[in-house]
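K.L.:
Coordinates for the following, if possible.
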Amino acid sequence: MHNGALEMAPVRVNAVSPGLVATPMWAGMEEADRERMLSSAADRLPLRGIGEAFNIANAVLFLACSLFSTGSTVVVDGGATIAA
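P.N.:
Sure thing, here's the model as predicted:
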């Protein structure tokens, strides 16, 4: 990431690293299995919940509006990174 930001400067290069997010991608699972999987995952996260699309969108918006940020990765994972 940092090399890309250096190569592209003065264009800003940032990334968002999402954790588990409740999206239609999981719709192919049986509802009971999906709820069990999401609940189990949520129980292991410090924030005790699963991300929603708006959580990721907020991080993207932050980086888009933060004109002095480049080479940054914003982790939006409910604390999974620190819990591991």
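K.L.:
What's the first helix or strand after whichever helix or strand Met37 is part of?
P.N.:
Counting by DSSP states H and E, the element that carries Met37 is helix 31-43. Downstream of helix 31-43, the next assigned helix or strand under DSSP H and E is helix 53-65.
K.L.:
Convert the helix holding Met37 to CSV, retaining C-alpha atoms only.
P.N.:
This file holds the C-alpha atoms of helix 31-43, laid out as CSV (Å, rounded to 0.1, in the frame of the first residue of the first chain):
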residue,chain,number,x,y,z
GLU,A,31,-31.6,-18.7,7.0
ALA,A,32,-31.0,-20.6,10.2
ASP,A,33,-27.4,-21.5,9.2
ARG,A,34,-26.7,-17.9,8.2
GLU,A,35,-28.0,-16.6,11.5
ARG,A,36,-26.0,-19.2,13.5
MET,A,37,-22.8,-18.3,11.6
LEU,A,38,-23.3,-14.5,12.0
SER,A,39,-24.2,-14.9,15.7
SER,A,40,-21.2,-17.1,16.3
ALA,A,41,-18.9,-14.6,14.6
ALA,A,42,-20.4,-11.7,16.4
ASP,A,43,-19.8,-13.4,19.8
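K.L.:
just checking, what packs against it?
P.N.:
Applying 3 or more Cβ pairs under 8 Å, 6 or more residues apart in numbering; DSSP states H and E, we find helix 31-43 packed against no helix or strand. Backbone N, C-alpha and C define where each C-beta goes, glycine included.
K.L.:
And for this structure, the residue most distant from the center?
P.N.:
Outermost residue of the chain with respect to the C-alpha centroid, by Cα atoms, centre = their mean, is Pro10; its distance is 25.3 Å.
K.L.:
In three-state terms, label that one for me.
P.N.:
The local conformation at Pro10, judged by DSSP: H, G, I helix; E, B strand; the rest coil, is coil.
K.L.:
now could you export just the CA positions of the lowest-mean-pLDDT helix or strand in the chain as CSV?
P.N.:
Lowest by mean pLDDT, DSSP states H and E among the helices and strands of the chain is helix 2-8, with a mean of 88. Taking C-alpha atoms only, helix 2-8 is exported to CSV below (Å, rounded to 0.1, in the frame of the first residue of the first chain):
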residue,chain,number,x,y,z
HIS,A,2,2.7,2.5,1.0
ASN,A,3,4.7,1.9,-2.2
GLY,A,4,1.6,2.5,-4.3
ALA,A,5,1.0,5.8,-2.5
LEU,A,6,4.6,6.9,-3.1
GLU,A,7,4.4,5.9,-6.8
MET,A,8,1.1,7.7,-7.3
